[in-house]
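>>> Next one to model:
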Amino acid sequence: MILIDLVRLARPRDWIKNVFMAIPIPFAVTAGAHFDPLPFLLGLVGFCLVNSAVYTFNDLLDAEADRLHTKKRNRPIAAGRVPPSAAIVQAVLLVVFATALFSLITPTPTGVLFLAVTYIAANIVYSAGAKHVVLVDVFILCSGFVIRVFLGCVLVGVNPSAWLLLCTSALALFLGFTKRKADIVAGVQTTHRPILTGYSREFLDQAITICATVSMLAYAIYSVNSSTFIQGRELASMPFMVYGVLYYLRLSHDENIDGSPVTIAYSSWQLQLTAVLWIVAIIWSLGIVHY
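Next up, the predicted model:
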């Protein structure tokens, strides 16, 4: 049924990436910012629709290449279950609905609209050819995570911390390089993803190590220097952050596991438990819950 395939084309499973939008909330609230759930919810739902529009557009452009992939050839457009015209209509409507939701955000939707347009533009550049340029492909993909953090900051009315942005950027690059490493380990054919010819395992191992180190170091410095943490509890969440990074790195070397961050997020109960414990540690170290 085409409606089901249109939903699949929108990839609602991938909306989990927007959890990055919520990262600034506990820190902002502790610092004295006023959190209004309605604007945040409007921005979150609107950006989910923008994500789906981009996924639809990307699948439309990548249909021929996807037909060469053992799994992606079953995607709605590549498999011929959704015609290109229907995909175009869906992408346009999703952007229109997202813009309508953004327009309801008070006091002004300007910042949210700017970030949404930036996200769309970055993905258009990626699909138009940047995905074939070594390093640029990973940087553009990872910019989406940083944009999500910026968007979260805009929706709660705070300026992002430089250390938090550095940590997020390094972590996003870590995810991008581990995905490329997982593709190579899994034996993804270069006929489907030509960019893999520009990466070697040795380089990716070094890049992953650098990004993991920077992300953990930046998080530690942010935790120690931030005035929002209760003294003596600054590094309470650090062990969970380090464990999550190292465990994710271990999974990326397993050739039997899909290296997609979304797939790993849904399939690994260890990472899910680590995320819950990290949230508990953050709540305690910020003193959000008093007892």
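
>>> the domain parsing of the protein - what is it?
1-26+36-132, 161-291 (automatic domain parsing).

>>> Residue 154 is nearest to which of the ones you listed?
domain 1-26+36-132 (4.2 Å; CB to CB). C-beta: built from backbone N, CA, C; applies to glycine.

>>> what about the closest one, average pLDDT?
Mean pLDDT, computed over domain 1-26+36-132, is 89.

>>> and it, how far out from the chain's middle?
A distance of 12 Å separates the centroid of the chain from that of domain 1-26+36-132, by CA atoms, centre = their mean, to the nearest Å.

>>> need the helices for the chain, in chain order.
Along the chain, the segments classed as helices by DSSP state H run 2-10, 24-30, 37-61, 63-66, 84-103, 110-128, 136-156, 162-185, 201-225, 238-252, 261-267, 269-286.

>>> export the ones you listed to CSV and tack on distance to residue 73?
As requested, the helices of the chain are exported to CSV (distance: least, CB to CB, whole Å):
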stretch, distance to residue 73
helix 2-10, 14
helix 24-30, 39
helix 37-61, 12
helix 63-66, 6
helix 84-103, 16
helix 110-128, 18
helix 136-156, 21
helix 162-185, 16
helix 201-225, 26
helix 238-252, 24
helix 261-267, 17
helix 269-286, 29
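
>>> on that earlier part again, of the domains of the chain, which approaches residue 151 most closely?
domain 1-26+36-132 (4.9 Å).

>>> Mean neighbour count added to the helices of the chain, as JSON lines?
Below are the helices of the chain laid out as JSON lines (neighbours: other CB atoms under 10 Å):
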{"stretch": "helix 2-10", "mean neighbour count": "15"}
{"stretch": "helix 24-30", "mean neighbour count": "20"}
{"stretch": "helix 37-61", "mean neighbour count": "21"}
{"stretch": "helix 63-66", "mean neighbour count": "16"}
{"stretch": "helix 84-103", "mean neighbour count": "17"}
{"stretch": "helix 110-128", "mean neighbour count": "17"}
{"stretch": "helix 136-156", "mean neighbour count": "22"}
{"stretch": "helix 162-185", "mean neighbour count": "21"}
{"stretch": "helix 201-225", "mean neighbour count": "17"}
{"stretch": "helix 238-252", "mean neighbour count": "18"}
{"stretch": "helix 261-267", "mean neighbour count": "16"}
{"stretch": "helix 269-286", "mean neighbour count": "16"}
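
>>> Quick check: which of these is nearest to residue 76?
Nearest to residue 76, of these and by CB to CB, is helix 2-10 at 3.9 Å.

>>> need the domains of the chain in TSV with distance to residue 145, can you?
Listed next are the domains of the chain as TSV, based on distance: least, CB to CB, whole Å:
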stretch	distance to residue 145
domain 1-26+36-132	5
domain 161-291	4
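
>>> can you tell which of the ones you listed is closest to residue 138?
Using CB to CB, the nearest of those to residue 138 is domain 161-291, at 3.9 Å.

>>> From the chain's centroid, how far away is the closest one?
11 Å.
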